[in-house]
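here are the coordinates; sequence isn't available:
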Ligand code: HEM
């Protein structure tokens, strides 16, 4: 039996000539009636959708999450209901500041976003490869990101903008230190950890709540490029991490990550040394040890990059019963931002696309909109309440009541203790090995050497003060590398 198929237009009508346009005579002008020529060129013109405003360059894979330890005392989320339970998931890795064609080996945080297709709805954990972030209030995000993108005049990346902003926002110091260490250039997506970063809530069957932080630890071991290796890789292969991911999954060398949690009770949250919901700070592993939960295995390459990876849409607002928000001001801002971005980038029906669609139940009365291609609810009622279907609200999904700590409305920048931006970066630098310290200082010096213009000295001095306040050895190392002389008597004050 022949397996040949006929080439057709999008409407399914057979096409007689795929490559030669219909013309008047051999050398004459073309005819409007060659509709397939129009369809082909017009479709091509519309192949691109807007790239993500951040995290534009990315790689994705499907996988499986398996529960290995019982955490039902903390959460009633069905995904964790029993040991051995498996849930299909999708992951997208990314760099943050570059455009869709930028190099995978850039010094940048890596996005590490997870979508679990749980029977209680899709749960998205939209994390990074660092446990902290540059800012702690969502209102700062557009300014911060502008400094990571291109200068409005030169249209080039600008070390001046970057360090001007960071030096004026010392809450960035912890994340900047991690970024400037070799963890800022992970060798591949397989060789780095992931973090949910924010505090989230977990709620158990008895309606008891705790705060948690999610960690997903690479089981391949952490491996980083040095700055020189990363620079070389950007030239050799700008897509090296994408290539590595596809190849290792094709070869059945499936990347694995161990999902773990830190747990903080509500009482502990009240007395924690810092604001426990400040995403620029970590919770000490000594005080809040990692608890094993399960294993993520990435075992399936999507068969089409655009359909699955480019059109994937992760949102911190996608939580399931048993997992909740915390008052983290960044997390709260992200609740709004992502679905809004998806409606712009992909369209209002982004959540009906196969990669985003909940494979279990989706029952509501949202209808119509551009590119509605999933049957649109058929002939079922499109309003609520009604006398015809049996869709009901779920009492359990009501969540639990909790008291707010204050009824004072205002714009709060944190108290003095919250604004201690130096202790944790200092602690981190102190536990670096001598080689890690030397590489970090060298990476900072390299990056700060790009600062230029009238404000150069002012910006360098301001940032140097932050390095010194975190750790004198760090400050001295950076100052020396930049050729700045420090009066030692100033350090004793
Ligand atoms: C992507 C906003 C903070 C991780 C995005 C996108 C937006 C955004 C608009 C593009 C979404 C899309 O087009 O699909 C924000 C805002 C933030 C914030 C307003 C602060 C308030 C963070 C933090 C993390 C993070 C703290 C990590 C802990 C990611 C990741 C992606 C992303 C991983 C890429 C998701 C994907 O692979 O599709 N963010 N973001 N963001 N963000 Fe954020």
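Structure received. Predicted model, so just to flag it, every value in this text is computed and none were measured.

Residue 316: how many residues sit nearby?
For residue 316, the count of nearby residues is 25 (other Cβ atoms under 10 Å). Just so you know, the C-beta spots here come from the backbone N, C-alpha and C atoms, and that holds for glycine as well.

Does the closest residue to it other than its chain neighbours lie in a helix or a strand, and which?
Closest residue to residue 316 apart from its sequence neighbours, by Cβ to Cβ, 6 or more residues apart in numbering: residue 334 at 4.4 Å. Per DSSP states H and E: residue 334 is located in helix 329-345.

For the most centrally placed residue in the chain, list each beta-bridge partner.
Centroid-nearest residue in the chain, with Cα atoms, centre = their mean: residue 111, separated by 3.6 Å. Bridge pairing for residue 111 (DSSP bridges) gives the partners residue 94, residue 128.

what's near enough to touch it?
Shown in contact with residue 111 (Cβ atoms under 8 Å, 6 or more residues apart in numbering): 55, 58, 92, 93, 94, 95, 96, 126, 127, 128, 129.

So which of those residues is surrounded by the most neighbours?
When the contacts of residue 111 are compared by neighbour count (other Cβ under 10 Å), residue 93 ends up highest, at 28 neighbours.

And that residue, how far from residue 174?
The gap separating residue 93 from residue 174 is 22 Å, by Cβ to Cβ, to the nearest Å.

Likewise for residue 234?
To residue 174, residue 234 is 26 Å away according to Cβ to Cβ.

Neighbour count for those two, which is higher?
Neighbour totals were compared for residue 234 and residue 174, and residue 174 leads with 27 against 18 (other Cβ under 10 Å).

contacting residues for that one?
Contacts of residue 174 by Cβ under 8 Å, 6+ apart are 132, 280, 281, 282, 421, 424, 425, 428.

Would you format those as CSV with neighbour count and distance to the ligand included?
Formatted as CSV, the contacts of residue 174 follow (neighbours: other Cβ atoms under 10 Å; distance: Cβ to the nearest ligand atom, whole Å):
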residue, neighbour count, distance to the ligand
132, 25, 9
280, 26, 10
281, 23, 13
282, 20, 13
421, 21, 17
424, 19, 16
425, 26, 17
428, 21, 18
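
near the ligand at all, stretch 42-49?
No: using Cβ under 6 Å from any ligand atom, we find that stretch 42-49 stays clear of the ligand, coming within 9.7 Å at best.

Flag every buried residue along that stretch.
Using 16 or more other Cβ atoms under 10 Å as the burial criterion, none of the residues of stretch 42-49 qualify.

Could you work out the end-to-end span of it for me?
End-to-end span of stretch 42-49 (Cα to Cα, to the nearest Å): 14 Å.

got the contact list for it?
Residues outside stretch 42-49 that contact it (Cβ under 8 Å, 6+ apart) are 10, 310, 311, 345, 346.

Keep the residues you listed, but drop any that are not near the ligand.
Among those, the residues that sit close to the ligand (Cβ under 6 Å from any ligand atom) are residue 345.

tell me the two of the contacts of stretch 42-49 that are most distant?
Maximum pairwise distance among the contacts of stretch 42-49 (Cβ to Cβ): 23.5 Å, between 10 and 345.

the more surrounded of the two?
residue 345 (16 against 9).

and the more buried one, what does it touch?
Contacts here follow Cβ under 8 Å, 6+ apart; on that basis residue 345 touches 49, 50, 51, 52, 313.

Just the closest of those residues to the ligand, please.
Minimum distance to the ligand across the contacts of residue 345 is 3.8 Å, recorded for residue 52 (Cβ to the nearest ligand atom).

host element of the closest one?
In the assignment (DSSP H and E), residue 52 maps to no helix and no strand.
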